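1. Got a sequence here, can you model it:
(2 chains)
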Amino acid sequence: MRHLLIGALVAGWLCVPAAAQESAPVIPKFAEETKAAGLDHTFAGEWEFMVGGGAATFDCDDDGFPDLLMSGGVNKAKFYRNASLRGGAIKFSAQESGLELDMVSGAYPLDVDGDGKTDLVLLRVGENVVMRGLGGCRFERANEAWGFAGGDLWWTSLAATWEHGADWPTIAVGSYIDRKEEISPWGSCTDNWLLRPAARERKFAAPVVLKPSFCPLSMLFTDWNRSGTPSLRVSNDREYYEGGQEQMWKVEPGKEPSLYSAAEGWRNLRIWGMGIAGYDLNFDGYPEYFLTSMADNKLQSLAATPEDGSQPKPTYADIAFAKGVTAHRPYMGDDSKPSTAWHTEFQDVNNDGQVDLFVVKGNVWEMPDFAAKDPNNLLIQRADGKFVEAGDKAGVASIAQGRGGAAVDLNLDGLIDLLVVNRNEPSELWRNITADAGRWLQLRLAQPGPNRDAVGAWIEVKCGEHVMRREVTVGGGHAGGHAGWHHFGVADLAATELRVIWPDGTAAAWQKVPTDAFYLVERDKSPAAWTPN
Amino acid sequence: MDAFRRMAAMLAVVMFGWTAGPHPASADDGRLEPQAMLANWYYLMNELVRHTATYSPPVASRSFGYLGITAFEARVGGSDRLVSLVGQLNDFKSVPARLPGAAYDETIIIGAAMSDAVVYYFGNTGPTGQRAIKAAQRKWRQLAVDGVPEDVVERSEAFGKAMAAAIHQWSLEDGGAEILNMGFPENWELPKGDDKWVPTNPIRQQQLPLLPEWGTKRTFAIPSGETCPTPGNPAFSTQPDSQFYKEANEVYVAVNDTTPERTAIARFWSDDPMLSMTPPGHWVSIALQVTDKAKLSVDDTVDLLARIGIAMSDAFVGCWDAKFKYNLVRPITYIRKNIDPKWEPLLNTPPFPEYPSGHSTVSGAMDAVMTAFFGENYAFEDKTGSPDGRNPRHYTSFHEAAEEAGISRLYGGIHFHSAIVDGLDQGRCIGEFTNALKTRK
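-> Numbering: from 1, shown residues only, chains lettered A, B, ... in the order given. Next up, the predicted model:
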């Protein structure tokens, strides 16, 4: 175990002013700006698009503003260039990018070939396609050039990492049901694949099948035990597997992937797994994981963290009820049936130094036993570590049929904005207009070599007596993710310290920086302030 | 049997009139026999039990009650051996009749009745279930109507549909037709006391017990849920020399010192809702296997499916009546409080009171009904779908299978001994009411 700080687990644990700890958290405010922003998009489809609907944000024109790709289902995927001005209304401009493929259910950005231009993997019902970034928000198909096997399955999930010593990423892709099965599709989960680097070539080798495969809707490479080698968490939809459960694969360089077993401490958990979000909520150095599902959602925390420096067992306790994040039924309206949760992210939407939780909700497809009017959740973390619902007060409690989403700062004002991709209804966008939010930091990492965006790094930011940590990952959520800025709220701190633990384990020195600012953090250099526009 | 093998077996029934194990008959002209059509629908409905969120064991048993009666009454008019259940079941007053002297096709009638009934009882299933239902309706109907005169098709389908509609209409007033929030009430006052049930998991939805009013639901063959009362659990005590403590310690030791065979038994009968076909579905699966192997006639098949459906539904009403009279604490709560705070049972503890055991009650009822139907010491093999990779098990009698299903709950750490013994007895008592029904001329 490396670089592990064991945080004190006490109340009053954050960089929140003492007065604030006694009071209710700041409830953020959002303004709905979908049409005003020029966003006109619908993820559409029938049975094969009852899941998916992912959104990807990334900066493809090097202006610092996140650009946007939204999956379209039977419609073509739609690319929007971010034309916002800093701190102003959000503005998007639809334009041709080469990404306009049909049958797209999700998208994840990453710089596959390390050329400094973001590439994307498009998850599709049919063939997955990797799109090489050419610069200027133009993309081209690269399956053949990069040896990327696209298959012909109902693809639903993706995670990526750079294994130690590799100059090419390892990508896991998850597939869902055998879509040719009509009368008995249950138990027909098709194969998940691990695409590793080819030997001595900068391209992918033939895929390795991750058996057993249990119909995942989210995957995430994450260094759950801080060993320095991420494992692959897979959240599976129990509706379709037989004999399945949640999974975690050991993916170690040069070895065949293998599952964590009950003998090692992995506990059998069977949920309608739909999305994963990770964050170190209790400052012990290890991430907690929020898993979306139907009815109760799960918040997993390690059951035990050894004090002798040894690595923990992969045994998790469900603390969702205790923390107030079960989000199991609508919190408003007259529909009290169980909820259905999809995309999820931990982000600090009020910048108080306590990360909050965004959950996109929506009925699967005319399921009468589950809420039809199922508002999105915006769960605000209080000083005592428990969460309170604020989706309605914040103005983001849409009851459209949500699927994918994104929680990113789209106009670079330091406040996290929210985007939701709905199924068979227009997508929605909310600008964060919270007046009394705290201060913030946003960081963008860069390192030489193939893994330029430092996937697998940990960013640490001091906040009062505690260290906030965010793992740089590709994967999780529901069918979509981000590349670009990493956001931290820091309450009223005018300055704080940050450091990066790079993917190879090298810990940079702590650096003191003023807050309310963007920083480019390059390896072996001091953080460089960056100003939009 | 995994999904592919199960599906292969289903298709084999449809396409070739046989399965790898069971053996539904084909008519001389090669067409599908009505019992094979019925088996196809039952296999699909057992999948829908698992994949429909409201289908807890009581709800599944209720549907199998009405489905069995639908198939039975659809057949009665075409049989010279069967007599209707009208007037013998609670509030069951009339069913549609066939046109005298008119020609009907039994396979089409059964297919049409089940094709509509599946929508009545599983209309709330998810999009994949809906898609499967539509595909089955389309494909299986085509197999049934090929070569049959159009007027016979129309008349037979109309009759089958009318029967399904009539039974469904009767079902709507039984108190179990509407299930909200997957069966968990929004409000329910939990009785207080160390002996009383408390929630056993951190799932927010399950902080109140499942279907607390199910015991008041209208029954089929027994007068009410109170008809076969249980003697009550041993007096609650935390004294180590008390019967209650001894039974708790028995569970504790059984789980801690489990053997591979006991673990296999616990998992074989675990039948968790939404992860399996549930205990009622498991017994339906047994009935289908035995029916197939015995090459039962259509009359015998519908008689058996009606009887097990009636008995299993009544068993759950009777069991739930007792559960919410006693509101007894689960082993996990008692053992952690009085014996070992870190104890974990083998199986997931169900979210409702402990006494009596629901699986024991339904298994006792199935023992009574199936033994009466097939006779004592009827040996069989249970190859019920094995989502957890479990192996087939062999039994020398339905009695042995029921006893094993009961004790599996102790091996799994979710029931005390008394709940199992009394549950089996209660089920057998309830099953005798079904056995008393007159279905033959």
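
2. And residue B:395, how far from residue B:343?
-> 31 Å (Cβ to Cβ, to the nearest Å). Quick note: C-beta positions are derived from backbone N, CA and C, even for glycine.

3. Can you spell out which helices and strands pack onto the helix or strand hosting residue A:108?
-> In this assignment (DSSP states H and E), residue A:108 forms part of strand A:104-110. Helices and strands touching strand A:104-110, by 3 or more Cβ pairs under 8 Å, 6 or more residues apart in numbering or on different chains; DSSP states H and E, are strand A:55-58, strand A:119-126, strand A:153-161, strand A:474-475.

4. want to throw those into TSV with mean neighbour count, distance to chain B and mean pLDDT?
-> As requested, the helices and strands packed on strand A:104-110 are exported to TSV (neighbours: other Cβ atoms under 10 Å in any protein chain shown; distance: least, Cβ to the nearest Cβ, whole Å; pLDDT from 0 to 100):
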stretch	mean neighbour count	distance to chain B	mean pLDDT
strand A:55-58	28	22	98
strand A:119-126	25	15	98
strand A:153-161	28	12	98
strand A:474-475	26	25	98
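
5. Neighbours of residue 434, how many?
-> No chain specified, so I'll use chain A. By other Cβ atoms under 10 Å in any protein chain shown, the residues close to residue A:434 number 17.

6. You answered for a different chain; I wanted chain B.
-> Around residue B:434 there are 27 other residues, counting by other Cβ under 10 Å.

7. swap in residue A:466?
-> So residue A:466, with other Cβ under 10 Å, has 19 neighbours.

8. who's it bridged to?
-> Assessed by DSSP bridges, residue A:466 has beta-bridge partners residue A:463.

9. ok so, going back, out of the helices and strands packed on strand A:104-110, which is closest to residue B:50?
-> strand A:153-161 (20.6 Å; Cβ to Cβ).

10. Paired strands for the closest one, with orientation please.
-> strand A:119-126 (antiparallel), strand A:170-175 (antiparallel), strand A:474-475 (antiparallel).

11. how far out from the middle of the chain is the shortest one?
-> Strand A:474-475 sits 6 Å away from the centroid of its parent chain (Cα atoms, centre = their mean, to the nearest Å).

12. Nearest residue to residue 269 in space, please, no chain neighbours.
-> Since no chain was named, I'll use chain A. residue A:246 (4.5 Å; Cβ to Cβ, 6 or more residues apart in numbering or on different chains).

13. wrong one, I was asking about chain B
-> Closest residue in space to residue B:269, ignoring its immediate chain neighbours: residue B:408 at 3.9 Å, by Cβ to Cβ, 6+ apart.

14. How many residues are close by that neighbour?
-> Residue B:408 has 28 nearby residues by other Cβ under 10 Å.

15. cool, and residue A:63?
-> 15.

16. and residue A:399, what helix or strand is that in?
-> Following DSSP H and E, one finds residue A:399 outside all helices and strands.

17. how about it, what does it touch?
-> Residue A:399 makes contact with A:333, A:372, A:373, A:374, A:375 under the criterion Cβ atoms under 8 Å, 6 or more residues apart in numbering or on different chains.

18. Can you give me the distance of it to chain B?
-> Here the criterion is Cβ to the nearest Cβ, to the nearest Å. By it, residue A:399 lies 18 Å from chain B.

19. Can you give me the buried ones in stretch A:362-373?
-> Buried residues in stretch A:362-373, defined by neighbour count with 16 or more other Cβ atoms under 10 Å in any protein chain shown: A:362, A:363, A:364, A:365, A:367, A:369, A:370, A:371, A:372, A:373.

20. If we ignore the residues flanking it in sequence, what's nearest the fifth one?
-> For residue A:367, ignoring the flanking residues on the chain, the nearest one in space by Cβ to Cβ, 6+ apart is residue B:126 at 5.2 Å.

21. who's in contact with that neighbour?
-> A:239, A:364, A:365, A:367, B:51, B:52, B:53.

22. One more: residue B:206?
-> By Cβ under 8 Å, 6+ apart, the contact set of residue B:206 is B:184, B:199, B:351.

23. Please look at the last one and residue B:200 and confirm they touch.
-> Yes: in this structure residue B:351 lies within contact range of residue B:200 using Cβ atoms under 8 Å: 6.9 Å.

24. Closest one to residue A:102 out of the buried residues of stretch A:362-373, please.
-> residue A:365 (19.9 Å).

25. number of nearby residues for the closest residue to that closest one other than its chain neighbours?
-> Using Cβ to Cβ, 6+ apart and skipping residues adjacent in sequence, the residue nearest residue A:365 is residue B:127, 4.1 Å away. Around residue B:127 there are 15 other residues, counting by other Cβ under 10 Å.

26. for residue B:393, phi and psi?
-> Main-chain dihedrals, residue B:393, degrees, to the nearest 10: phi -130, psi 150.

27. now do residue B:177
-> phi -80, psi -30.

28. Now for the closest residue to it other than its chain neighbours: which residues touch it?
-> Counting by Cβ to Cβ, 6+ apart, the nearest residue to residue B:177 once its immediate chain neighbours are dropped is residue B:171, at 6.1 Å. Taking Cβ under 8 Å, 6+ apart, we find residue B:171 in contact with B:62, B:66, B:120, B:177.

29. ditto for residue A:116
-> residue A:452.

30. ok, which stretches of the stretch 401-533 of chain A are strands?
-> With DSSP state E, counting those that start in this stretch as the criterion, the stretch 401-533 of chain A has strands at A:402-408, A:417-422, A:428-432, A:439-446, A:458-463, A:466-471, A:474-475, A:486-491, A:495-501, A:511-514, A:517-522, A:528-530.

31. swap in chain B?
-> For chain B, the strands defined by DSSP state E occupy B:380-382, B:393-395.

32. and the residue in chain A that chain B sits nearest to, which of the three is it?
-> Closest contact between chain A and chain B, by Cβ to the nearest Cβ, is at residue A:187 (2.6 Å). At residue A:187 the chain is in coil, as set by DSSP: H, G, I helix; E, B strand; the rest coil.

33. Tell me if I'm right that it and residue A:239 touch.
-> No: with contact defined as Cβ under 8 Å, residue A:187 does not count as touching residue A:239 (10.5 Å).

34. quick one, which of the two is more surrounded?
-> residue A:187 (25 against 21).

35. Can you pull the phi/psi pair for the more buried one?
-> Dihedral pair for residue A:187: phi 80, psi 10, per degrees, to the nearest 10.

36. what's the spacing between it and residue A:174?
-> From residue A:187 to residue A:174 the distance is 17 Å (Cβ to Cβ).
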